[in-house]
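Colleague: Please work out how this folds:
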Amino acid sequence: MSASSLPGLQSPLGLSPSSLPDDAIEVGRILDAWGVKGWVKILPHSADPESLLFAKSWLMQAPDAKFRPGFSVFSGTVSLSVEQAKIHSDSVVAKFSGLDDRNAAEALRGVRIFLPRSSFPVASKDEYYWVDLIGLNVVNREGVALGCVRDLMATGPHSVLCVEYAESREDGSSSAAERMIPFVAAYVDAVDIAGKCITVDWQPDY
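Modeller: Prediction:
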C-alpha cells in the first residue's frame, strides 16, 4: 500500500515517504485513536516529551510485528505533519494534518515515532534528555565503576538511573545485575555527556 493511501487521509502530502536520519531516535509509539476527529494517543518513551511537542512533523515506521502483525498501511519510513500536540494525563495526544476521522487514527495504532536528535529543543541548564544519559558509564567519587546506564525510570518527583553491572558469583562466574540511583543533585555530582560519564556519591554496597 502506498504512503498516500491511508484511509481518511485527506491530503496526499500528509503521509510522505521519507528516510531516517543518522541521528534518529525512537521517541514513542501510537497507542490508539483519541476522540472521533482524527486525534491519536501517544506513549512517549521518556518522561520528557518536549521533543514530541516541539516537532512540526514526525517520522514513523510500522509497528513491531509482535505488537501488531500484518500491518500494511505503509512500508518503510514516512513523515506526517503535526497540526497540534499536547500533554494529556500521562501521555501525549496529537492531531495530524489531513487525518480527520477516527478510522484513520485507528489505522496508525502501534506505529513507531522517530525524531532526529538534532531537532530536540535545547535543554535547560542541569537538565538532560534521557536518551543522552543512556549508555553513560557511572563512577563514584572514589573512581569505582558502578556500571552503565541501561534505562531511566520516572518516580514522580524525580527520575532514577537504572545502572547495569556485572555481579560476581561465588563460583567465579558473573551475571547482569542492576542498581538504582536517584538522579538528583544530592547523589549526582557531575554529568559529562561528551566524556560519557556520570559521577555520583554512591557506594557499590548501597
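
Colleague: what distance separates whichever strand or helix holds residue 52 from the centre of its chain?
Modeller: Residue 52 is located in helix 50-54, with elements delineated by DSSP states H and E. Chain-centre distance of helix 50-54: 11 Å, with Cα atoms, centre = their mean, to the nearest Å.

Colleague: Just the CA trace of the helix or strand following it, in CSV.
Modeller: Under the assignment DSSP H and E, the closest C-terminal helix or strand after helix 50-54 is strand 57-61. Taking Å, rounded to 0.1, in the frame of the first residue of the first chain, the C-alpha atoms of strand 57-61 are listed here in CSV:
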residue,chain,number,x,y,z
SER,A,57,6.5,16.7,11.7
TRP,A,58,7.2,13.1,13.0
LEU,A,59,8.9,10.3,11.2
MET,A,60,7.1,6.9,11.5
GLN,A,61,7.7,3.2,10.9
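
Colleague: Give me the distance from strand 57-61 to the chain's centre.
Modeller: Counting by Cα atoms, centre = their mean, strand 57-61 comes out at 13 Å from the chain centroid.

Colleague: and the helix holding residue 52, what does it pack onto?
Modeller: Applying 3 or more Cβ pairs under 8 Å, 6 or more residues apart in numbering; DSSP states H and E, one finds that helix 50-54 contacts strand 24-34, strand 77-88, strand 91-96, strand 112-116. In short, each C-beta sits where N, CA and C put it, glycine included.

Colleague: Each with direction, which strands does the longest one pair with?
Modeller: Using DSSP bridges, the strands paired with strand 77-88 are strand 15-18 (antiparallel), strand 57-61 (antiparallel), strand 91-96 (antiparallel).

Colleague: For the ones you listed, give me TSV that also has mean pLDDT and distance to residue 50.
Modeller: TSV is the format used below for the strands paired with strand 77-88 (pLDDT from 0 to 100; distance: least, Cβ to Cβ, whole Å):
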stretch	mean pLDDT	distance to residue 50
strand 15-18	83	22
strand 57-61	94	14
strand 91-96	93	10
